[in-house]
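Peer 1: quick one, structure for this:
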Amino acid sequence: MTNKKIKFYILDTSAILSGKPFNLENVKMITIPDIEMEIKPGGKDYQFFQFLKEKGLSYQSPSEKSINEIIKKSKETGDFERLSNFDIKLLALSLDIKNQGDHSIVITDDYSIQNIANYLDINFETINQKGITKRFKWINRCQGCGKKFKDDINICPICGAETKKIVAKKQEI
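Peer 2: Numbers count the residues shown, from 1 in each chain. All right, here's what the predicted structure looks like:
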């Protein structure tokens, strides 16, 4: 008898809102408890959400250690401002599962989630959108004097103009 590892689908809100079916054989669906605040009662999205719960969708909260690791990595890549608290927790949960040695796939159309997942070697699949083909590292650049900043600075300390996120580095994946 072989010891078969569990395959986890970690569902982002976009996976549920898509309403598109996916293969539920030999997988465990999981998400974070915060999803309850993202899916409004009533309508087909809510019905699909209830269907997934009936089919075994469960909730798990991520560890603080993984949350802190996701925050750190997203600040390094410049994605931090693009991620919601929900996104950070979802990525942290996927990191926890990966660190347990289980196979996980984040189901999402969110490009920032995909970017961080790629940096951390976490598998992802998309529902409606084409997935990312490059991973990005973002920095802030002053719209006035053009000075570039690695830190998240909204106002340039040199000239006082606003900064804007720009791609500092692209890498094929």
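
Peer 1: okay, how far is it across stretch 10-22, tip to tip?
Peer 2: End-to-end distance for stretch 10-22, by CA to CA, to the nearest Å: 12 Å.

Peer 1: mean confidence score for that stretch?
Peer 2: Per-region confidence: stretch 10-22 scores 85 on mean pLDDT.

Peer 1: residue nearest the centroid of the protein?
Peer 2: Ile113 (2.7 Å; CA atoms, centre = their mean).

Peer 1: packing partners for the one helix or strand that residue maps to?
Peer 2: Ile113 is part of helix 111-119 when elements are defined by DSSP states H and E. Applying 3 or more CB pairs under 8 Å, 6 or more residues apart in numbering; DSSP states H and E, one finds that helix 111-119 makes contact with helix 64-77, helix 85-99, strand 103-107, strand 123-125, strand 134-142. (Each C-beta comes from the backbone N, C-alpha and C, glycine too.)

Peer 1: between the ones you listed, which gets nearest to Ala15?
Peer 2: With CB to CB as the measure, strand 103-107 is the member of the helices and strands packed on helix 111-119 nearest Ala15 (4.0 Å).

Peer 1: now that closest one - C-alpha only, PDB.
Peer 2: Presented in PDB, the C-alpha positions along strand 103-107 are these (Å, rounded to 0.1, in the frame of the first residue of the first chain):
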ATOM      1  CA  HIS A 103       0.900  19.200  -2.400                       C
ATOM      2  CA  SER A 104      -1.200  22.400  -2.700                       C
ATOM      3  CA  ILE A 105      -2.500  24.400  -5.500                       C
ATOM      4  CA  VAL A 106      -3.900  27.900  -5.000                       C
ATOM      5  CA  ILE A 107      -6.900  28.500  -7.300                       C
END
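
Peer 1: give me the helices and strands touching it, please.
Peer 2: Partner elements for strand 103-107 (3+ CB pairs under 8 Å, 6+ apart): strand 7-11, helix 85-99, helix 111-119, strand 123-125.

Peer 1: follow-up on the earlier one: the residue nearest to the centre of the chain against Phe124, yeah?
Peer 2: Yes: at 7.2 Å, Ile113 counts as touching Phe124 under the criterion of CB atoms under 8 Å.

Peer 1: what touches both of those two?
Peer 2: Val106 (CB atoms under 8 Å, 6 or more residues apart in numbering).

Peer 1: how is the protein divided into domains?
Peer 2: 7-125, 134-172 (automatic domain parsing).
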